[in-house]
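Visitor: I'd like to go over a predicted model; first the sequence, then the structure.
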Amino acid sequence: MFRATHIHTGLDVDAEDLWSMEPIDPDGFVCPDCGSKVYPTSYRPENLRRAHFAAKPKCPPWCPSNGETDLLKQARTHSLTAEDGSFPGYMPSGFRLPADPADAPASAGAGTAAEGGPGRRAPAAAPEPGARQRPRITTSFRDICRAYLNFPNDRHRALQFLDLYGSTYDEVVWRLRARQDRLIRYPIPHLFYGPIGWRAPEETDEYALIETDVKVWQDGKPGQAYRVKVRWGDWTPRQRNALLKEVRTASEEAKELKKSGSKDRSLLFFVGEQEKGDDATFVVRERKLICCLTGPDVRPTAPAKRG
């Protein structure tokens, strides 16, 4: 399980966020779908696996998380959107940039699980048979990126993402591409993504420079690649280390996927725009708008439904 609800704030938390959270309350998380207790796992710096949440005991049989594996297999081959527009999976319809904890009202999350405070989410009741999840707004950048990967045949679904161009997933999210002889100039910002490179990020006090694996190829030889410059001058050391941990984890996963022959890819997602006069370098200024995910980098296999 890669997301949970924090009982002290009521907000959904991505497992990768655990790398930058301090302190971490092991008893502070529940399943966002059914309210069952879940526990953070593999979030310490020495852990080799990607951080995640584990339900102990397991979520009840009716919880959507139990059928997620089968659902995602179906999603690779056909659209899951019903004629009435409803959808059985988790595909948010909008994104709202979350406030930093220091900026949140003091009352938000003041309660604990034991106290039954305002941030606590009580266990949900079983839904009616055949019920389908409603669209929702998320404050998680990874939610949007993961939904894009998991449901390739439903990218026609509505998405409102800050002030970026587009009103659907396939209009907002763009895959980085290069021509044979040159990189491409993108005139407006988008939510971009592409395979991550294997080289370690370049670090300075003002930025981290992350290389992608989208590059020019000439005469069978690799040339210039897109790079992502993350402006982190005002980040805390823990926030910087969390990003580096995520990038290194994704790069190692990319090597393992290549070695195993898997069709999945380790991908870098970000919102940014190219530097003036430098098509190779994208600049990211917002800490909450960059992440790495591993999943199927595929095109839709079925015609998109419009309506």
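Guide: All right, it came through fine.

Visitor: Can you give me the distance of the spatially closest residue to residue 194 that is not a sequence neighbour to residue 249?
Guide: Among residues not flanking residue 194 along the chain, residue 176 sits closest, at 3.6 Å (CB to CB, 6 or more residues apart in numbering). For every residue, glycine as well, the C-beta is placed using N, CA and C. Distance of residue 176 to residue 249, computed by CB to CB, to the nearest Å: 20 Å.

Visitor: Quick check, central residue of the protein?
Guide: Closest to where the C-alpha atoms of the chain average out (CA atoms, centre = their mean) is residue 142, at 1.8 Å.

Visitor: if I pick that residue, what's in contact with it?
Guide: The neighbours of residue 142, taking CB atoms under 8 Å, 6 or more residues apart in numbering as the test, are 2-3, 14, 16, 269, 291, 293.

Visitor: Tell me which of residue 176 and residue 249 has more neighbours.
Guide: Counted by other CB atoms under 10 Å, residue 176 and residue 249 do not tie: residue 176 has more neighbours, with 23 against 20.

Visitor: Within the helices and strands, which one has residue 273?
Guide: Take DSSP states H and E as the rule and residue 273 turns out to sit in strand 264-275.

Visitor: Bridged to residue 94, which residues?
Guide: Residue 94 has the following beta-bridge partners by DSSP bridges: residue 137, residue 160.

Visitor: Who are the contact partners of it?
Guide: Residues counted as contacts of residue 94 (CB under 8 Å, 6+ apart) are 135-138, 159-161.

Visitor: Looks to me like the residue nearest to the centre of the chain is in a helix.
Guide: Yes: counting by DSSP: H, G, I helix; E, B strand; the rest coil, residue 142 is part of a helix.

Visitor: Tell me how far the lowest-mean-pLDDT helix or strand in the chain lies from the chain's centre.
Guide: In the chain, the helix or strand scored least confidently by mean pLDDT, DSSP states H and E is strand 12-14, which has a mean of 81. With CA atoms, centre = their mean, to the nearest Å as the basis, strand 12-14 stands 10 Å off its chain's centre.

Visitor: about what we covered before: per-residue confidence at the residue nearest to the centre of the chain, what does it come out as?
Guide: The pLDDT attached to residue 142 in the predicted structure is 92.

Visitor: And for residue 294?
Guide: In this prediction, residue 294 carries a pLDDT score of 91.

Visitor: and it, helix, strand or coil?
Guide: Secondary structure assignment for residue 294 (three-state DSSP): strand.

Visitor: Run through the residues that contact it.
Guide: Contacts for residue 294 (CB under 8 Å, 6+ apart) come out as 50, 250, 253-254, 257, 264-267.

Visitor: if I look at it, how far off is residue 91?
Guide: As judged by CB to CB, residue 294 and residue 91 stand 19 Å apart.

Visitor: same deal with residue 228?
Guide: Following CB to CB, the distance that separates residue 228 from residue 91 is 25 Å.

Visitor: tell me how far the strand holding residue 273 is from the chain's mean position?
Guide: On the basis of CA atoms, centre = their mean, strand 264-275 sits 11 Å off its chain's mean C-alpha point.

Visitor: and if you look at stretch 155-170?
Guide: On CA atoms, centre = their mean, the centre of stretch 155-170 falls 15 Å from that of its chain.

Visitor: try stretch 53-71
Guide: With CA atoms, centre = their mean, you get 20 Å for stretch 53-71.

Visitor: Adding distance to residue 234 and neighbour count as columns, could you present the contacts of residue 294 in CSV?
Guide: Shown next, in CSV, are the contacts of residue 294 (distance: CB to CB, whole Å; neighbours: other CB atoms under 10 Å):
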residue, distance to residue 234, neighbour count
50, 27, 21
250, 24, 24
253, 29, 19
254, 29, 22
257, 34, 16
264, 34, 16
265, 31, 22
266, 28, 25
267, 26, 25
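
Visitor: ok, which pair from the residues you listed is furthest apart?
Guide: Of all pairs drawn from the contacts of residue 294, the greatest distance, 14.6 Å, lies between 50 and 265 (CB to CB).

Visitor: list the contacts for residue 89?
Guide: Residue 89 sits next to 64, 68, 71-72, 75, 80, 133, 147, 150-151 when contact means CB under 8 Å, 6+ apart.

Visitor: Let me fix that, I meant to ask about residue 185.
Guide: Applying CB under 8 Å, 6+ apart, we find residue 185 in contact with 274, 279.

Visitor: Determine the longest helix present in the protein.
Guide: Longest helix in the chain, counting residues (DSSP state H): helix 237-260.

Visitor: Give me the angle between that one and strand 264-275.
Guide: Here helix 237-260 points in a direction 130 degrees away from that of strand 264-275 (axes from the mean of the first three to the mean of the last three CA atoms, to 10 degrees).

Visitor: Residues touching helix 237-260, excluding its own?
Guide: For helix 237-260, contacts defined as CB under 8 Å, 6+ apart pick out 16, 19-20, 22, 45, 50, 195-201, 203, 208, 210, 213, 230, 232, 235, 264-268, 287, 290-294.
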